[in-house]
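Q: Fold the stuff below for me.
(chains A, B and C)
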Amino acid sequence: MSVAALASRPSRTIIAWRPILLVGVPAAFLLFCFVLPNAFLLTSSAFKSESQVLTNQLTTENYGFLLGRAVYRGAILRTFLIGALVGLLVVVLSYPLAFFLARTRSRWKGALIALSLSPLLASVVVRTYGWWVLLNREGAVNDLLRATGITSQSLPLLPSVGAIVIGLTHSLLPYGVLTILSSLNGVNPSFEKAAMSLGANRIRTFFEVTLPLSLPGIVGAFVIAFTLSISAYATPAILGGPSTATMATLIYDFMTSLADWALGSAMGALLIVSSMVLLVIGAVLGSKREAL
Amino acid sequence: MRRAVGLPWQMLRGAVALTYLFIFTPIVITALVSFNSINQSKFPPVGFSMRWWDDALSERWLQPLWFSVQLATLTAVIATLLGLPLAFGLTRYKFPGRNILVALSLGPLALPALVTGIGILQFFQTAGLAALFGFPALLIGHVVICLPFSVRTIAISLRAMPAKVEQAAANLGARPARVFLEITLPLIRSGLFAGAIFCFIQSFTDYSVSLFLSRAGMQPISIAILSYIDYGFTPTLAAVAVLTLVVPLVLIAAVQHFFGIGDFLYGARDSG
Amino acid sequence: MDEPAVAVSGVRKTYGEVAAVDGIDFEVRPGEFLTLLGPSGCGKTTTLNIIAGFIQPDRGSIRLNGQSVEALPPFRRDIGLVFQDYALFPHMSVGQNVAFGLRMRGVPKPEIAQRVEEALELVRLGGRAERKPTELSGGQRQRVALARALVIRPTVLLLDEPLSNLDLKLREEMRLEITTLQRRLGITTVLVTHDQGEALVVSDRIAVMRNGRIEQLGNAEAVYERPATHFVAEFIGTMNFVRGQAMRVSAEGSCIVGFDDHGVAVAAPQPVAGSREVEIAFRPERAALRTAGAAREPTQLAVPGTVRRRVYLGTLVQSHVETVHGRTIIVETVNDGIRQPPNIGEAVEVIVKGSDCIAYPVS
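A: As a prediction, the model looks like this:
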């Protein structure tokens, strides 16, 4: 699936009332339930909030507060670090799998593809549970470490940034597989045959031909994993703690227990801007490769 | 072309096997710890007991599960009803503001769902629509995040239609409404279904939007699990987690049974 | 005695129950242009892929210049391959595409630059090295693909339906260009095609394939004039068939066939049994028409019928004659202004010399 399906130009020109009739209701819905709330959020992030009530005083105080305090700055940096690591790990783990799925001649190919995407059927909450079972203080990994005598005491594997990265990598892997697989499927197999007939062995064929041609898929997988990680709440909430706060868990705290909507909105706005920047960078990188 | 089974390929197979292990280990472990005989999520499980499953199958958990199924079903239906005219308008007509609308209809995919959630929360609260929190607000939030899936899938099937069949029907004397009902709709049927299934699963597995729009007694299952985690990761929760997997699996099995997954994925059947 | 450049012997490849290649043998002499010709699914592309090393045969051997290559992976076979869809690397320039094979062989940089330029000159694309494949026309891409395959100085050049993506005029141009180049470089070439016209024009020899076997291997004249089987007769050019009776099998490779009330001696490349029905084949340009009932020479076959259609082809005029048995025979008359083709509805006799006929057993 691609944006191109929508973006390419339609072929017919007809009087304008019919399309307006068609898209009117959905457009109004999006305007009212998507554009307005987001606009409202951006606005409220720029207003002063006093005793948990928004005032009508314009200010940059909320952003100053978030970017000025080490604890919030740290959380923002931590969020991006997690996003980058998850993006990297998702690419590294899903590329071999996607490559195998694209090239295997097994009659189970369809089933294997379905299997690799099947975790998408489960909520992230469900998929993260297993990691908690493995990694908590009384969990299987610590049991194993103690039983084998590698450590005498339980290691504090949770809460930790490492656990969050593992959990997010795990839950976002299917997106990486899907993106890279569709990009590899777009690489004509005769390119690889041509390279081999010209004397490139399988490894050189892969690095000289297959990998460069699937680069848009790699960029896509990285950007998707990055953007979805920085806005993920459940995984850092389950596998992390106060010491590993991220932008998303802070937003939750601001909105609920702290009831400071202005700060929540400001953090949300930062999240929106970060996502947009990433998507634009990804689109530029992706299209640059395609133009070659 | 036969895949020469060389060393690199064997190594790749090994890596792939490990990746599948990575993918499924947490899910399998979750399933197994639900059979612990103690009220602790130990792995390997201690003893064997079904009592956490009795808990999981109680009203306490079946209520939010059923709530999620209703929410996801209605989300899929509404997202499809909104997505169909939107996709049709965008693919078949040229009008001012079309590009903005394209961006807008894919927007919820680009912006973090969590932020959309708090946006709706604040907006409704401020606009005096707080009464909507619970099912109505959740439905609105879910339709917003699902609409891009629906529009995209339907737009792809609209573009994949055999060229000129609509013109052919019009040429044979069919008015636009008949063309749509008798030609377009049957040809994009599988796209409509695919889009609806995507929406159902997206809604059913969502927590980001639901986090801020639920209220007591009106919680989807993912939020019910998330808020219960504060009481600890009990084997009951593991059983509930496994239980939530059943719904999408049943859905996929039903689709496979009634439509055949091939037709469903690859396009319309010949309506002979 | 020259070693054959390519020797394929006893090669067989099955997919499940289906034999894609069912035991084939042929040799390509150094500098020869051999074409594997046949309809889709005949095994010609599988054969090409086996020579190139992309498919391992179940049985049989491939030798290149006398060296057995079964154990060699595709990238060590020194074979130039040109694909139907060209397979030019889209992320590389024209020059980088042509340089690829040399780079893989560790050729020093200055030499690469020189050889790439030479190869591009050879295909009349000098100075285009910086272009991207997407900026080229179909014919130019085809020539880059050719340059890329030739620059490595391969033992043998394999062409997989290289012209089928080009329009008719360009196809005829490239046909000529490829043969000229092949003759000039004297490179051993194997072409795979389903286009019999193309095969007749470019090849030194043609192997006509069907169902994974070679039905006939010979030069253009042999496969056209003396098709070894009914299939080859039907597949190459236009052929007329009438049903007759094998009366007496005379010397090897010939028999007397009876048609209606007369009999003539015809060639029979496949063994035919006496007093069995045979298909008698002859070409439209070898037959003539005359009014019904005239005297027949003893060496001629005369088939009575009625003219049903006339097709005007410019230099030729075709008459479609329906026989009393309901078959249609095409007779071509040179449009020389002397011979007048008969009118539609006229009763005629199609006359053809026995020596222009070939008998095949009825399958």
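Q: what about residue 192, neighbour count?
A: By default, I'm working from chain A. Close neighbours of A:Glu192, defined as other CB atoms under 10 Å in any protein chain shown, add up to 23. C-beta coordinates here come from the backbone N, C-alpha and C atoms, glycine included.
Q: wrong chain, I was asking about chain C
A: By other CB under 10 Å, 23 other residues sit near C:Val192.
Q: cool, and C:Glu297?
A: There are 11 residues near C:Glu297, going by other CB under 10 Å.
Q: and it, helix, strand or coil?
A: When classified by DSSP: H, G, I helix; E, B strand; the rest coil, C:Glu297 comes out as coil.
Q: Pull out the buried residues from the biggest helix by length in chain A.
A: The longest helix of chain A (DSSP state H) is helix A:70-103. Residues of helix A:70-103 classed as buried by neighbour count (16 or more other CB atoms under 10 Å in any protein chain shown): A:72, A:75-76, A:78-80, A:82-87, A:89-91, A:93-103.
Q: got it, and stretch A:246-266?
A: A:246-255, A:260-266.
Q: What of stretch C:179-195?
A: Across stretch C:179-195, burial judged by 16+ other CB under 10 Å covers C:Thr179, C:Leu181, C:Gln182, C:Ile187, C:Thr188, C:Thr189, C:Val190, C:Leu191, C:Val192, C:Thr193, C:His194, C:Asp195.
Q: isn't the fourth one right up against C:Leu157?
A: In this case it means C:Ile187. Yes - contact criterion CB atoms under 8 Å: C:Ile187 and C:Leu157 qualify, at 5.2 Å.
Q: Which neighbours do these two have in common?
A: Here C:Ile187 and C:Leu157 have C:Gly80, C:Leu150 as joint contacts, going by CB atoms under 8 Å, 6 or more residues apart in numbering or on different chains.
Q: lowest-pLDDT helix or strand in chain A?
A: helix A:4-7 (a mean of 51; mean pLDDT, DSSP states H and E).
Q: circling back to that earlier point, can you confirm whether the longest helix of chain A lies near chain C?
A: No - taking CB under 8 Å from any CB of the partner chain as the criterion, helix A:70-103 and chain C are apart, separated by no less than 13.3 Å.
Q: Following that helix in sequence, what is the next regular element?
A: Moving toward the C-terminus from helix A:70-103, the next helix or strand (DSSP states H and E) is helix A:109-117.
Q: so where do the strands sit in the stretch 101-250 of chain C?
A: Using DSSP state E, counting those that start in this stretch, the strands of the stretch 101-250 of chain C run over residues C:156-160, C:188-193, C:205-210, C:213-218, C:240-248.
Q: B:Val46: which of those strands is closest?
A: strand C:156-160 (63.8 Å; CB to CB).
Q: Enumerate every residue touching the residue most central in space within chain B.
A: For chain B, the residue nearest the mean C-alpha position is B:Ile201 (1.9 Å; CA atoms, centre = their mean). By CB under 8 Å, 6+ apart, the residues touching B:Ile201 are A:Leu120, A:Leu121, B:Ala72, B:Pro248, B:Leu251.
Q: Recalculate using a threshold of 7 Å.
A: Applying CB atoms under 7 Å, 6 or more residues apart in numbering or on different chains to B:Ile201 gives the contacts A:Leu120, A:Leu121, B:Pro248.
Q: How confident was the prediction at the residue nearest to the second one when sequence neighbours are not counted?
A: For A:Leu121, ignoring the flanking residues on the chain, the nearest one in space by CB to CB, 6 or more residues apart in numbering or on different chains is B:Pro248 at 3.9 Å. On the pLDDT scale, B:Pro248 is placed at 88.
Q: restrict the buried residues of helix A:70-103 to contacts with chain B.
A: Contacts with chain B are made by A:Leu93, A:Pro96, A:Leu97, A:Phe99, A:Phe100 out of those, judged by CB under 7 Å from any CB of the partner chain.
Q: Tell me who's in contact with the third one.
A: Contact partners of A:Leu97, counting by CB under 7 Å, 6+ apart, are A:Ser116, A:Val177, B:Val16, B:Thr19.
Q: The same query, at a cut-off of 6 Å, please.
A: A:Val177, B:Val16, B:Thr19 (CB atoms under 6 Å, 6 or more residues apart in numbering or on different chains).
Q: Run a quick neighbour tally on the second one.
A: Applying the criterion other CB under 10 Å, we find 19 residues in the vicinity of B:Val16.
Q: Please identify the helix or strand for it.
A: helix B:7-33.
Q: Do any residues in that helix lie close to chain A?
A: Yes - Helix B:7-33 reaches chain A (CB under 6 Å from any CB of the partner chain) through B:Pro8, B:Leu12, B:Ala15, B:Val16, B:Thr19, B:Ile23, B:Pro26, B:Ile27, B:Ile29, B:Thr30, B:Val33.
Q: Just the buried residues out of those, in ChimeraX syntax.
A: To isolate the buried ones among the residues of helix B:7-33 next to chain A in ChimeraX, judged by 16+ other CB under 10 Å, type:
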select /B:12,15,16,19,23,26,27,29,30,33
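Q: Next, find the distance separating the residue in the stretch 151-292 of chain A positioned nearest to chain C from C:Arg103.
A: Here the residue of the stretch 151-292 of chain A nearest chain C is A:Leu198; by CB to the nearest CB that distance is 3.4 Å. Distance of A:Leu198 to C:Arg103, given as CB to CB, to the nearest Å: 9 Å.
Q: Between the two, which is the more surrounded one?
A: Between A:Leu198 and C:Arg103, counting by other CB under 10 Å, A:Leu198 is the more crowded of the two (31 against 16).
Q: Could you find the closest non-adjacent residue to the more buried one?
A: Nearest residue to A:Leu198 in three dimensions, chain neighbours excluded: C:Gly101, at 3.4 Å (CB to CB, 6+ apart).
Q: returning to what we had before: tell me which of the buried residues of stretch A:246-266 fall in strands.
A: Among those, no member falls in strands (DSSP state E).
Q: show me which of those neighbour chain B.
A: Answer for the buried residues of stretch A:246-266 near chain B (CB under 6 Å from any CB): A:Ala248, A:Met255, A:Trp261, A:Gly264.
Q: List the residues that contact the first one.
A: Contacts here follow CB under 6 Å, 6+ apart; on that basis A:Ala248 touches A:Ser231, A:Ala232, A:Tyr233, B:Leu114.
Q: I'd like to know how far it sits from A:Val124.
A: Taking CB to CB, one finds A:Ala248 at 12 Å from A:Val124.
Q: Output the below-cut-off pLDDT ranges for chain B.
A: By pLDDT under 70, the low-scoring segments of chain B are B:1-5, B:163, B:259-272.
Q: The helix or strand bottoming out on mean pLDDT in chain C vs strand C:240-248, what angle?
A: Lowest on mean pLDDT, DSSP H and E among the helices and strands of chain C sits strand C:254-259, with a mean of 83. Per axes from the mean of the first three to the mean of the last three CA atoms, to 10 degrees, the angle that strand C:254-259 makes with strand C:240-248 is 110 degrees.
Q: I'd like the next helix or strand past strand C:254-259.
A: That would be, after strand C:254-259 and using DSSP H and E, strand C:262-267.
Q: May I see the buried residues of that next one?
A: In strand C:262-267, counting by 16+ other CB under 10 Å, buried: C:Gly263, C:Val264, C:Ala265, C:Val266, C:Ala267.
Q: Check which helices and strands it is in contact with.
A: Judged by 3 or more CB pairs under 6 Å, 6 or more residues apart in numbering or on different chains; DSSP states H and E, the packing partners of strand C:262-267 are strand C:254-259.
Q: Give me the contacts around the strand it packs on.
A: In contact with strand C:254-259 (CB under 6 Å, 6+ apart) are residues C:244-249, C:263, C:265-268, C:272, C:278, C:280, C:301, C:359.
Q: Next: stretch C:223-242.
A: C:196, C:206, C:208, C:210, C:215-216, C:269, C:279-282, C:284, C:303, C:329, C:360.
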